[in-house]
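Student: Make a model of this:
(one chain, ligands or ions: 1)
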Amino acid sequence: MIKKVLIANRGEIAVRIIRACREMGIQTVAVCSEADRNALHSMLADQTICIGPAQSSESYLNIGRIISATITSGADAIHPGFGFLSEDSKFARICERCNITFIGPNSDMIAASGNKAQAKKTMMDAGVPTIPGSAEAVVSVKDGLRLAEVARYPVMIKASLGGGGKGMRVARNKETFEQAFLTAQTEAHNAFGDDSMYIEHYVEHPKHIEVQLLADKYGNVIHLGERDCSIQRNHQKLVEETPCESLSPELRESICSAAVNACKAVGYENAGTVEFLLEPDGHFYFMEMNTRIQVEHPITEWVTGIDLIKQQIKIASGEKLAYTQEDVVINGHSIEVRINAEDPEHKFRPCPGKIESVYLPGGKGVRIDSAVYSGLEIPPYYDSMLAKLSVWAPTRDEAIKKAQTALGEVIITGIKNNVDYQYGIITNPDFVAGKTDIDFIDKLSRD
Ligand code: MV4
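Tutor: Numbering: from 1, shown residues only. Predicted coordinates:
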């Protein structure tokens, strides 16, 4: 069993991991940047090591300094959280070479999932539904044009090493293809140092559905239901819920078993998520696989009662999954709202600064994951998320009411935030009616 975990992250997810470790009797080591000496994770861990200056590249993204801190502190494992180094196959590989347990899948799995074209091909071969269009990677406009005809216009041009929306362009017809291809390819070249692209049919107005999975070292794979994460802007999710209200039990079963098959096809291990696009007519397609714990994991914890961080640690320690698929029962409904230091009126621009005062609600069925307190200075160097408010209730209508009530109690003074904007979303008639797709926020901004 793992005895001491170094948490290679900051903010609420670092606090979340510290809590899980403490409940399991595992020692914790926090790392922090010079800007985070007063951060909650730095104060809550058993031990804290300041690893460098504020810039992420000098601290939370600095592999050498994190490995040094791990060895110095005698930690036997690293939990990477999300963002930062969580999906960096090089980092996972160095952990493997140093005999440090990386709490996540192995480095080859991370690398394979990071190549989206390759991952798509693997899924096609495994019989998981993928978006129409070839997984063949191309570098020339000429080859791209040929594959666009196969995929049928409108097409989406994607970077093989993309994901999260980078190096991605839509082309509505062959006249505009070249321009879109070259723009996407230049972006890919600059972001990933790789020119390889793939082309698929552009799916209009889908929902973004993702399935939570747990897989142990012995080939046991279970799913923990789906999350509807359609409400997002600039590829940052704002509101997530589970279950997805519009899925019939049959469709839910098909999507969740497709996700389990996807995991089995690649021999996946640890917690992971398979993302799908879901069309209004019920067609669904594999989009990508995430090899990390996700921001929105609390809503799955609400409806399943399973602690995902503890499961990650147990799996990494070599324990066999303690649950079978039959043990997993989805109970009630959960919604998460992300509270960010940002200005929704100016393209959601981040607004760091000093939190003068903060009050976050509680009560039955209300959970807060946060690392903020009154008087804390939010540094400009990192993500703008301040807190996650998640609720549980027996039905979706009750969960919406509870989310509205709880969000209505939030007080944050001193910095601009999106609380009022989020209140607008969860009281919006289309949201309440479950009529959401990935274009919801764009539409809201246009109205
Ligand atoms: C798509 C798509 C429509 N058609 N692929 C967004 C990021 C990356 N994971 C892939 N993405 C998309 N791929 C085809 N063929 C639409 C998106 C997309 C999207 C997907 C999920 C959630 C929000 C989104 C916002 C814009 C575009």
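
Student: which residues sit in contact with the residue lying closest to Ile368 once chain neighbours are set aside?
Tutor: If the residues on either side of it in the chain are set aside, Ile368 comes closest to Leu360, at 4.7 Å by C-beta to C-beta, 6 or more residues apart in numbering. Where C-beta positions appear, they are placed from N, C-alpha and C, glycine not excepted. Contact partners of Leu360, counting by C-beta atoms under 8 Å, 6 or more residues apart in numbering, are Ile368, Ser370, Ala387, Leu389, Val410.

Student: okay, the residues you listed in TSV with distance to the ligand next?
Tutor: Compiled in TSV, the contacts of Leu360 are given as follows (distance: C-beta to the nearest ligand atom, whole Å):
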residue	distance to the ligand
Ile368	25
Ser370	25
Ala387	22
Leu389	21
Val410	26
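
Student: Greatest separation within the residues you listed: which pair is it?
Tutor: Largest separation among the contacts of Leu360 by C-beta to C-beta: Ser370 and Val410, giving 10.5 Å.

Student: which SS state does whatever residue of the stretch 301-447 of the chain ends up closest to the ligand fall under?
Tutor: Each residue of the stretch 301-447 of the chain has a distance to the ligand, by C-beta to the nearest ligand atom, and the smallest belongs to Ile438, at 3.9 Å. For Ile438, the reduced secondary structure class is coil; criterion used: DSSP: H, G, I helix; E, B strand; the rest coil.

Student: Confirm for me that it is in contact with His205.
Tutor: Yes: with contacts counted by C-beta atoms under 8 Å, Ile438 reaches His205, the gap being 7.3 Å.

Student: okay, the two: which has more neighbours?
Tutor: Ile438 (20 against 13; other C-beta atoms under 10 Å).

Student: ok, now which ones touch the more buried one?
Tutor: Shown in contact with Ile438 (C-beta under 8 Å, 6+ apart): His205, Pro206, Lys207, His208, Ser230, Gln232.

Student: Need the three-state assignment for the fifth one.
Tutor: Reduced to three states with three-state DSSP, the structure at Ser230 is strand.

Student: Give me the distance between it and Ala399.
Tutor: Ser230 sits at a distance of 16 Å from Ala399 (criterion: C-beta to C-beta, to the nearest Å).

Student: The second one now?
Tutor: The spacing between Pro206 and Ala399, counted by C-beta to C-beta, is 23 Å.

Student: between these two, who's got more neighbours?
Tutor: Looking at Pro206 and Ala399 with other C-beta under 10 Å, you find the greater number of neighbours at Ala399, namely 25 against 20.

Student: thought that one was touching Glu241?
Tutor: Yes: counting by C-beta under 8 Å, Glu241 is a contact partner of Ala399 at 7.5 Å.

Student: Show me how the protein divides into domains.
Tutor: 4-103, 132-201, 207-446 (automatic domain parsing).

Student: and this structure, which of its residues are near the ligand?
Tutor: When proximity is defined as C-beta under 6 Å from any ligand atom, the chain approaches the ligand at 131, 156, 163-165, 200-203, 208, 232, 235, 277, 287-288, 438.

Student: cutoff 8 Å now
Tutor: The interface of the chain toward the ligand, taken as C-beta under 8 Å from any ligand atom, is made up of 116, 131, 133, 155-156, 158, 162-165, 168, 170, 200-204, 206, 208, 229-230, 232, 235, 275, 277, 285, 287-288, 438-439.

Student: of those residues, buried ones?
Tutor: In terms of neighbour count (16 or more other C-beta atoms under 10 Å), the buried residues within the residues of the chain next to the ligand are 116, 131, 133, 155-156, 158, 162-163, 168, 200-203, 206, 208, 229-230, 232, 275, 277, 285, 287-288, 438.

Student: Let me see the contact set for the residue of the stretch 1-150 of the chain found nearest the ligand.
Tutor: The ligand sits closest to Ile131 of the stretch 1-150 of the chain, with a gap of 4.4 Å, by C-beta to the nearest ligand atom. Residues counted as contacts of Ile131 (C-beta under 8 Å, 6+ apart) are Lys120, Met156, Glu200, His201, Val203, Leu277, Tyr285, Phe286, Met287.

Student: Local confidence estimate at it?
Tutor: As summarised for this prediction, Ile131 has a pLDDT of 97.

Student: Okay, it and Cys351: tell me how far apart.
Tutor: Computed with C-beta to C-beta, the distance linking Ile131 and Cys351 is 36 Å.

Student: related to what we said a few turns ago, filter the contacts of Leu360 down to the buried ones.
Tutor: With neighbours counted by 16+ other C-beta under 10 Å, the contacts of Leu360 contain buried members at Ile368, Ser370, Ala387, Leu389, Val410.

Student: isn't the last one right up against Ser357?
Tutor: No: the pair Val410 and Ser357 does not pass the contact test of C-beta under 8 Å, sitting 11.5 Å apart.

Student: where exactly do the strands run in the stretch 51-200 of the chain?
Tutor: Defined through DSSP state E, counting those that start in this stretch, the strands belonging to the stretch 51-200 of the chain, from first to last, are 77-79, 101-102, 155-163, 166-171, 197-201.

Student: Adding mean pLDDT and distance to Lys314, write those strands out as JSON lines.
Tutor: Shown next, in JSON lines, are these (pLDDT from 0 to 100; distance: least, C-beta to C-beta, whole Å):
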{"stretch": "strand 77-79", "mean pLDDT": "98", "distance to Lys314": "12"}
{"stretch": "strand 101-102", "mean pLDDT": "98", "distance to Lys314": "12"}
{"stretch": "strand 155-163", "mean pLDDT": "94", "distance to Lys314": "28"}
{"stretch": "strand 166-171", "mean pLDDT": "94", "distance to Lys314": "34"}
{"stretch": "strand 197-201", "mean pLDDT": "97", "distance to Lys314": "37"}
